[in-house]
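**Q** Here's a sequence, model it:
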Amino acid sequence: MDVTTIFVTGLFAGGLTCLAVQGGLLISSITQQEEERLAGEAKQTNHIIPLISFLVTRLIAYTILGIILGLLGSVAQLSLSMRIFLQFAVGVFMVGTALNLLQVHPIFRYFVIQPPKFLTRIVRDQSKSKTVFGPALLGATTVLIPCGATQAMMAYAVVTGSPLGGAITMFAFILGTSPLFFLMGYLAKKLGYSLSLGFNKLAAGAIILVAFYNISGALALGGNGFTLGKVLTNITCLISFCDSNQVAGATTGSSIVKEATIFITQNGYRTQPETVNVKAGSKVKFNIINQGGGGCIQAFTIPKLNLQSIITIGNSDSIEFTAPSTPGPLAFMCSMGMFRGSINVI
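**A** From the prediction side, this is the model:
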């Protein structure tokens, strides 16, 4: 993946998906500063400076993270169980952040990252440190709450296997997300407190949706059948007639195969043949071809077998494995559990 592609991915996909969580934090910080200014507790400063400080430190922090990920790329990768834990934890954090934006209860303020008091004392001008140093520290700490698209790019930074490659990857991606962050932060400052609250409600709703999407993906990666997709399918089937194949998956009418092709597209995974049936305990080969799928969908994962292969756009790979001895569906998905598919073990 070239630098231009990474930048464009950040500009469109990254900016939108990351805005829900990290943008919500930025807007919360700006709104709090505006409240303090109106109450006379802080001096009025150039509203562009906090935004710039947030974006610059965020860019620097992720570039450093890219160096570390690239350095670790040739040594080790995060285990599947660790990725599941982190994704679930991020989902819970996002829910807490959304509830804080909605001001549901004071306890949810703990989900908002605040600069430590001893660090703010270092800065001479107390009021100025709140308007500049706070957003700067917040920008750096966003590495602790990466969004879905950022996680996928972090995985790619690991794949580069070099500090320089990892740094360039994360720098280009985060730089691409910056224009949208700047725009929303600028509007939040200009619109004022009341309209910022309205945006906070919209942002909170978006955060909750993305949070449940993350949690659902983590559950899918962990092999839990209680996922958002299945819940929605069951609800749909309660109010309309569903083909039994839609719920259970059909194994009849298709022969048993030992080899199948899986195409990675922008919209998900597509198998050839359309229904893949394999014999329990048999050797199986997947030929995986990426026809244009970017982001986490590039990381083809079979959680139950702890298998993963990262296939970038325009490339292909083959993996061989032994089918489980127990009949039933064998799920495959992206590294975040967002895009899914399955084969039938019979």
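**Q** Now do the helices in the stretch 1-150 of the chain.
**A** Taking DSSP state H, counting those that start in this stretch, the helices of the stretch 1-150 of the chain run over residues 3-9, 15-18, 24-38, 48-73, 80-101, 117-120, 126-128, 134-141, 148-160.
**Q** any idea which of those helices scores lowest on pLDDT?
**A** Lowest mean pLDDT within the helices of the stretch 1-150 of the chain: helix 126-128, a mean of 40.
**Q** and the protein, what are its domains?
**A** Split into domains by automatic domain parsing, the chain comes to 3-212, 249-345.
**Q** Can you give me the neighbour number for I60?
**A** 15 (other CB atoms under 10 Å). For the C-beta atoms, the positions are set from N, CA and C on the backbone; glycine is no exception.
**Q** What residue, apart from its backbone neighbours, is nearest it spatially?
**A** Spatially, and ignoring its direct neighbours in sequence, I60 is nearest to A140 (7.2 Å; CB to CB, 6 or more residues apart in numbering).
**Q** so what's that neighbour up against?
**A** By CB atoms under 8 Å, 6 or more residues apart in numbering, the contact set of A140 is T57, R58, I60, A61.
**Q** count of residues packed around the last one?
**A** This means A61. Neighbours of A61 (other CB under 10 Å): 19.
**Q** Assess the claim that V278 and V257 are in contact.
**A** Yes: V278 lies in contact with V257 (CB atoms under 8 Å); the separation is 6.4 Å.
**Q** neighbour-wise, which of the two wins?
**A** Applying other CB under 10 Å to V278 and V257 shows that V278 carries more neighbours, namely 22 against 17.
**Q** Give me the local confidence score for that one.
**A** 94.
**Q** burial count for F173?
**A** Count around F173 with other CB under 10 Å applied: 31.
**Q** Contacts only, for it.
**A** I6, F7, T9, G10, G14, Y62, T150, M153.
**Q** let's go with 7 Å and repeat that
**A** By CB atoms under 7 Å, 6 or more residues apart in numbering, the contact list for F173 reads I6, T9, G10, G14, M153.
**Q** That one is in what secondary structure piece?
**A** helix 163-191 (DSSP states H and E).
**Q** Quick check: what element follows the helix or strand hosting S318 along the chain?
**A** Secondary structure from DSSP H and E places S318 in strand 316-322. Beyond strand 316-322 on the C-terminal side, the first helix or strand identified by DSSP H and E is strand 328-333.
**Q** Only the C-alpha atoms, please, for that following strand, written as CSV.
**A** Taking C-alpha atoms only, strand 328-333 is exported to CSV below (Å, rounded to 0.1, in the frame of the first residue of the first chain):
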residue,chain,number,x,y,z
GLY,A,328,-21.0,-27.2,12.3
PRO,A,329,-20.2,-23.7,10.8
LEU,A,330,-16.6,-22.6,10.8
ALA,A,331,-16.6,-18.8,10.8
PHE,A,332,-14.0,-16.6,9.2
MET,A,333,-13.8,-12.8,9.5
